[in-house]
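*Asks:* predicted model, plus sequence, below.
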Amino acid sequence: MARQEDILIKRRKKVVPTADPADRGEQEEEVRSGRSQKKRRRKRRTLIRVAVLTVVALVAALVIANWDVTNPEYVWTWIRLQVTGGDVGDGFPREIEGNTVRDMEAVGHQLAVMTDDYLLMYNKTAGETVRRPCSYAQPSLSVAGKYALISEIGGHRLRLETVSRTLLELEMPDTIVAASVSDDGSIAVVLESASYQSEVWVYDRKGKQKYHWSSASTLVMGVSIQKNTMTLIGTTTSGGGLQSELLVMDITTDAAPARFLMTDTLFFAVELLPGGKVYAIGDSGALLVDTKTLEDRVISYESDQLIGYAVSKNRLGLLLSGYGSADGGELSVYNDSGDCIHSTPYSGTGRWLAGNADGGFCVLSSDSLQYVSDKGATDLGRHSDGLRVACFEDQAIVLGLTQMVAVDY
């Protein structure tokens, strides 16, 4: 028997065939190509990771900066409203005591109705999405974008509202004369003052003071604000006579306001549009001013009586009637250059004028309801008990004595 160490097992070496030079070149090229592809994949993955981290950081920063509107409660409310529109109602008509309504305006995709006791909001199905008590003796409603501002005229309180919640409550040191909200949530408040004729305070949507202005000569009666531009209307004495005055100011600077005087009329409303044009509306004429170029133009209607006004997009609508006339009149629409682009007659007694976001107007009279646009006038039927009208979601919402009804236009 042979010993174990005497047994030898010889393994044959694996013979690798010699490659052709051309084949070796191809193989080396494939190796280089593979390495290049791996590098590109690693680089792409790195870029994707950096992009994802950047987006996450930006989202986190936005959430922190806007926590009051991105907290879970608000987000859930927003999702519910976007998906379902809020509580689904039975549709219009909707029962409501018309003589208790102080104002009604569209706020985003909601119809805000200010009554003697509540702020109410309805969606397109007439579902009630908001019911918040409001005990102000003389509440005034100003809306812009998603914001609704309720101010107590003759009092000291105001509230900034959205469909989700009350964002802000303030108590002013003096009596409120007028107030306005911008579509970024900024608030401008005109106050009576013991030291001046008027004072104006501007706050952001969190209640932080942004601007203060006072005047010893101008009695301010109205205000409108859009982001960093504010406009005021008031009266001042010049040469012993009373004149109406429109003031335009940039609230980011301490520069003196631009002033525009108009005689033989009394301004009672001011509307600053997002495009930078402002209309000061008076009893016998209106003043149009471009806040960027400071060019102005007078719109006169002194031969007619002004029944109501409304703005729609960049247009001003004036509901006019002849003095001494109890029947009929016309809607005159002006563009942002101050030109009258069309006039539409109406019959009966003019009651209310409302504008939508597309350049159209709803005219309510004792005889009819019309929707007027560049395409002409559309008759929407008669609503003899109609008190006022609002444009909401391509509908005219007519407030009657006991209910709100909706008419498509």
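*Replies:* In hand now; what should we look at?
*Asks:* for stretch 177-188, the distance to its chain's centre please.
*Replies:* In terms of CA atoms, centre = their mean, to the nearest Å, the centre of stretch 177-188 is set 11 Å apart from its chain centre.
*Asks:* does Lys124 touch Asp394 like I think?
*Replies:* No: Lys124 is beyond contact range of Asp394, at 9.1 Å (criterion: CB atoms under 8 Å). C-beta coordinates here come from the backbone N, C-alpha and C atoms, glycine included.
*Asks:* more crowded one of these two?
*Replies:* Lys124 (19 against 13; other CB atoms under 10 Å).
*Asks:* ok, the nearest residue to the more buried one once chain neighbours are set aside - contacts?
*Replies:* In space, not counting the residues next to it along the chain, Lys124 is nearest to Glu393; the distance is 4.8 Å by CB to CB, 6 or more residues apart in numbering. Taking CB atoms under 8 Å, 6 or more residues apart in numbering, we find Glu393 in contact with Ala106, His109, Lys124.
*Asks:* quick check: the first one touching Ala112?
*Replies:* Put plainly, it is Ala106. Yes: taking contacts as CB under 8 Å, Ala106 lies within contact range of Ala112: 7.4 Å.
*Asks:* common neighbours of those two, please.
*Replies:* Common contacts of Ala106 and Ala112 (CB under 8 Å, 6+ apart): Val143.
*Asks:* tell me which of those two has more neighbours.
*Replies:* Per other CB under 10 Å, whichever of Ala106 and Ala112 has more neighbours is Ala112, with 23 against 18.
*Asks:* remind me what the one helix or strand Arg259 maps to packs against, helices and strands.
*Replies:* Per DSSP states H and E: Arg259 is located in strand 258-262. Under the contact definition 3 or more CB pairs under 8 Å, 6 or more residues apart in numbering; DSSP states H and E, strand 258-262 sits against strand 241-250, strand 277-282, strand 285-290.
*Asks:* show me what the helix or strand that that strand is followed by is packed up against.
*Replies:* Counting by DSSP H and E, the element after strand 258-262 in chain order, helix or strand, is strand 267-272. Applying 3+ CB pairs under 8 Å, 6+ apart, one finds that strand 267-272 contacts strand 219-226, strand 229-238, strand 241-250, strand 277-282.
*Asks:* relative to strand 267-272, what are the paired strands and their orientations?
*Replies:* strand 277-282 (antiparallel) (DSSP bridges).
*Asks:* output the lowest mean pLDDT helix or strand found in the protein.
*Replies:* The weakest-scoring helix or strand in the chain, judged by mean pLDDT, DSSP states H and E, is helix 67-70 (a mean of 50).
*Asks:* strands of the stretch 1-150 of the chain, residue ranges please.
*Replies:* Taking DSSP state E, counting those that start in this stretch as the criterion, the stretch 1-150 of the chain carries its strands at 94-95, 101-107, 110-115, 118-122, 128-133, 139-144, 147-152.
*Asks:* closest one to Val372 among the ones you listed?
*Replies:* Nearest of these to Val372, taken as CB to CB: strand 101-107 at 17.7 Å.
*Asks:* ok, and for the closest one, which residues are buried?
*Replies:* Across strand 101-107, burial judged by 16 or more other CB atoms under 10 Å covers Val101, Asp103, Met104, Glu105, Ala106, Val107.
*Asks:* which phi and psi does the closest residue to the fifth one other than its chain neighbours have?
*Replies:* Computed as CB to CB, 6+ apart, the closest residue to Ala106 that is not its neighbour in sequence is Phe392, at 4.6 Å. Main-chain torsions, Phe392, degrees, to the nearest 10: phi -150, psi 120.
*Asks:* output the below-cut-off pLDDT ranges for the protein.
*Replies:* For the chain, residues meeting the criterion pLDDT under 70 lie at 1-39, 59-87, 239-240.
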